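Engineer: All I have is the shape, not the residue letters:
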């Protein structure tokens, strides 16, 4: 990185932190700190919701995902717009009517304190882990690519977020996320058009799509019924719908964004904005990854994009064997360039040459074979190495091919996304701990200022916990793969609780509590067999299974064991 890149990076980040702290300092009470005094307009709600979900992992992994596997990942989001409609119709009006600070506060009014506490604890477990990851994931990539110390990187990201989140709470998160989304999308659009500019002069965007299609990167929709396929239209519409419904409807990191809206209508408009823009945004990010793939059909590529693995190889006895593969890949890259240029020339004459398409596929398969052999060598050199290099593809392009200044901007994009998700996580963890756990169990009367200070303390506490978790993250293997599933493990049960609370008036508190416990245990068992047996199931289905199981069990327990009985703790507030 050049001096100009550092200036762009540092100025961008300091502006976001300084602006957020200055604009929102001096919260007067808990309502101001947690709900932003209900002053957030709909467009800020929409941007804040989008920024919360668009973590650094989105901009690290998604282009690399498309580079390796194509556009199919977009199906993951097909259920999201439907979920937004359901939340707008049911969830938001009930949350506002009951004047809750957190989503879980509603559950006590509908059921009892045990159900509220259970849902809050499940949330704290999965979101606490996830917030640590929002720091750790970008830090480990940046430290590997830039040579920065991982612990220092974790602390920098965490401290920057704590400063303005501690100062202004939800209002600070909402305000800064507008700036962060501007930085994020500006950086991605500039990069996309630069990639197109870097392609050969006689190559059109349509030519690029043809090359991507010839390599099976443009298969957007998969109608397969194979449950082992992670991303199909069916898993996207069903599992993706339940995941989006749980995440946006019951996860306090998202609920807190639209509870701060000026009115029910403003909150609904913000979520509809998210529903309309989220799928196109993810499509665009995936398409950027596909264009990176096309770019590397004309430019040299490493055997493995993770620079740590190159360092491991150079210090091992397998160095020469690896270098032989590198030479073969270099020769293969030249052959690919020649065939792709011939293919473009034919396309410009309106002829999609099937022989050349077949040759492109053959060369891609040979490249894949070389990469697989390289992974085997890397593992022989160090069995603990992470050979999956998807997260490093986009950064390799950024650091080696973007002009000065833009590198700093793209790094600011990644760090802004990390800060955005981390800030939302911290406010959600702090508000849930303060309101659902601490305040609910304090026996004596306390002042508003006391609970405001308590919420700020829990913001600082969870910030430190997230940093500590990120710092010890290297002690765990496959951490990122585990946390990618952690939400699906818990979300289904929590969503089931809320759906029963909203739609099944006859189900009372005790049946609900028992069914949630049993359902969560069942999901743990299913997940165990997914990991430790040969049986495979796309993790999106865990959301569907958890929600349906919770609902069915609550009905069964209610009508078998509690039929005709009235639970004294049950409070219906759905009229």
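Structural biologist: Done, it's in. Since the model is a prediction, treat every value here as computed from it, not as a measurement.
Engineer: CA only for contacts and neighbour counts going forward, please
Structural biologist: Will do.
Engineer: Can you give me the buried ones in stretch 215-224?
Structural biologist: 215, 217-218, 221 (16 or more other CA atoms under 10 Å).
Engineer: Point to the helix or strand of this protein where mean pLDDT is at its lowest.
Structural biologist: The weakest-scoring helix or strand in the chain, judged by mean pLDDT, DSSP states H and E, is helix 30-35 (a mean of 56).
Engineer: right, and out of the buried residues of stretch 215-224, which lies closest to residue 550?
Structural biologist: The closest of those to residue 550 turns out to be residue 221 (CA to CA; 30.4 Å).
Engineer: can you redo the buried residues of stretch 215-224 as a markdown table with pLDDT?
Structural biologist: Formatted as a markdown table, these follow (pLDDT from 0 to 100):
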| residue | pLDDT |
| --- | --- |
| 215 | 87 |
| 217 | 88 |
| 218 | 86 |
| 221 | 81 |
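Engineer: Export these as JSON lines, with columns for distance to residue 103 and secondary structure.
Structural biologist: As requested, these are exported to JSON lines (distance: CA to CA, whole Å; DSSP: H, G, I helix; E, B strand; the rest coil):
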{"residue": "215", "distance to residue 103": "45", "secondary structure": "coil"}
{"residue": "217", "distance to residue 103": "40", "secondary structure": "coil"}
{"residue": "218", "distance to residue 103": "39", "secondary structure": "coil"}
{"residue": "221", "distance to residue 103": "34", "secondary structure": "coil"}
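Engineer: of all those, which comes closest to residue 249?
Structural biologist: residue 221 (26.4 Å).
Engineer: List the buried residues in stretch 297-316.
Structural biologist: 297-298, 301, 303-310, 312-313.
Engineer: Pull the most distant pair out of those.
Structural biologist: 298 and 312 (27.6 Å).
Engineer: ranges for the helices of the stretch 251-400 of the chain?
Structural biologist: 252-259, 264-295, 307-314, 319-347, 354-381, 390-401 (DSSP state H, counting those that start in this stretch).
Engineer: Highest mean neighbour count out of these?
Structural biologist: helix 252-259 (a mean of 28; mean count of other CA atoms under 10 Å).
Engineer: got the angle for that one vs helix 264-295?
Structural biologist: 130 degrees (axes from the mean of the first three to the mean of the last three CA atoms, to 10 degrees).
Engineer: returning to that earlier point: to residue 73, which of the helices of the stretch 251-400 of the chain lies closest?
Structural biologist: Comparing the helices of the stretch 251-400 of the chain under CA to CA, the one sitting nearest is helix 264-295, at 8.0 Å.
Engineer: Does anything pack onto that closest one? Which helices or strands?
Structural biologist: helix 42-53, helix 56-69, helix 80-86, helix 92-97, helix 150-198, helix 205-214, helix 252-259, helix 390-401 (3 or more CA pairs under 8 Å, 6 or more residues apart in numbering; DSSP states H and E).
Engineer: and stretch 327-345, what's its mean pLDDT?
Structural biologist: Averaged over stretch 327-345, pLDDT sits at 91.
Engineer: let's number from 11 now, not from 1
Structural biologist: Sure, I'll start numbering at 11, so the last one becomes stretch 337-355.
Engineer: So which residues make contact with it?
Structural biologist: 212-213, 217, 221, 307-311, 313, 362-363, 366-367, 369-370, 373, 377, 380 (CA atoms under 8 Å, 6 or more residues apart in numbering).
Engineer: Endpoints of stretch 204-220, how far apart?
Structural biologist: Length of stretch 204-220, first residue to last, CA to CA, to the nearest Å: 19 Å.
Engineer: buried stuff in that stretch?
Structural biologist: For stretch 204-220, by 16+ other CA under 10 Å, it's 205-206, 209, 213-214, 217-220.
Engineer: And for stretch 504-524?
Structural biologist: 504-512, 517-524.
Engineer: In helices, which of those fall?
Structural biologist: Counted as lying in helices by DSSP state H, out of the buried residues of stretch 504-524, are 504-512, 519-524.
Engineer: Closest one to residue 466 out of the residues you listed, please.
Structural biologist: residue 504 (26.0 Å).
Engineer: give the contact list for the closest one.
Structural biologist: Here residue 504 is in contact with 129, 132, 256, 260, 526, 557 (CA under 8 Å, 6+ apart).
Engineer: how close does it get to residue 438?
Structural biologist: 16 Å.
Engineer: Then residue 432?
Structural biologist: 10 Å.
Engineer: try residue 378
Structural biologist: With CA to CA as the criterion, residue 378 and residue 438 are 43 Å apart.
Engineer: what about the stretch 461-585 of the chain, any weak spots by pLDDT?
Structural biologist: Low-confidence segments of the stretch 461-585 of the chain (pLDDT under 70): 483-494, 541-550, 574-585.
Engineer: can you give me the helices for it?
Structural biologist: 489-513, 519-542, 550-571.
Engineer: can you put these in TSV and add distance to residue 475?
Structural biologist: Output for these, formatted as TSV (distance: least, CA to CA, whole Å):
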stretch	distance to residue 475
helix 489-513	16
helix 519-542	25
helix 550-571	27
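Engineer: Would you tell me which of those gets closest to residue 84?
Structural biologist: Closest among the helices of the stretch 461-585 of the chain, using CA to CA: helix 550-571, at 13.5 Å.
Engineer: In the closest one, which residues are buried?
Structural biologist: Those would be 550-561, 563-565, 567-568, for helix 550-571 by 16+ other CA under 10 Å.
Engineer: Repeat that for stretch 158-174.
Structural biologist: 160-161, 163-165, 167-174.
Engineer: would TSV of the helices of the stretch 261-410 of the chain with distance to residue 110 be doable?
Structural biologist: Listed next are the helices of the stretch 261-410 of the chain as TSV, based on distance: least, CA to CA, whole Å:
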stretch	distance to residue 110
helix 262-269	8
helix 274-305	13
helix 317-324	48
helix 329-357	59
helix 364-391	52
helix 400-411	39
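Engineer: sorry, back to before: tell me which of the buried residues of stretch 158-174 has the lowest pLDDT.
Structural biologist: Looking at the buried residues of stretch 158-174 by pLDDT, the weakest one is residue 174, with 66.
Engineer: and residue 498, how far is that from residue 109?
Structural biologist: 28 Å.
Engineer: Compare the two (neighbour count), which wins?
Structural biologist: residue 498 (26 against 12; other CA atoms under 10 Å).
Engineer: how near is that one to residue 241?
Structural biologist: In terms of CA to CA, residue 498 sits 14 Å off from residue 241.
Engineer: What is the burial count for residue 25?
Structural biologist: Neighbourhood size, residue 25 [other CA under 10 Å]: 13.
Engineer: My read is that residue 248 contacts residue 554, right?
Structural biologist: Yes: taking CA atoms under 8 Å as the definition, residue 248 is a contact partner of residue 554 at 7.0 Å.
Engineer: And the helices of the stretch 261-410 of the chain: which comes nearest residue 535?
Structural biologist: Nearest of these (CA to CA): helix 262-269, 26.0 Å.
Engineer: Downstream of the helix or strand hosting residue 419, the next helix or strand is which one?
Structural biologist: Using DSSP states H and E, residue 419 falls within helix 416-441. Once the chain leaves helix 416-441, the next helix or strand it forms, by DSSP H and E, is helix 450-451.
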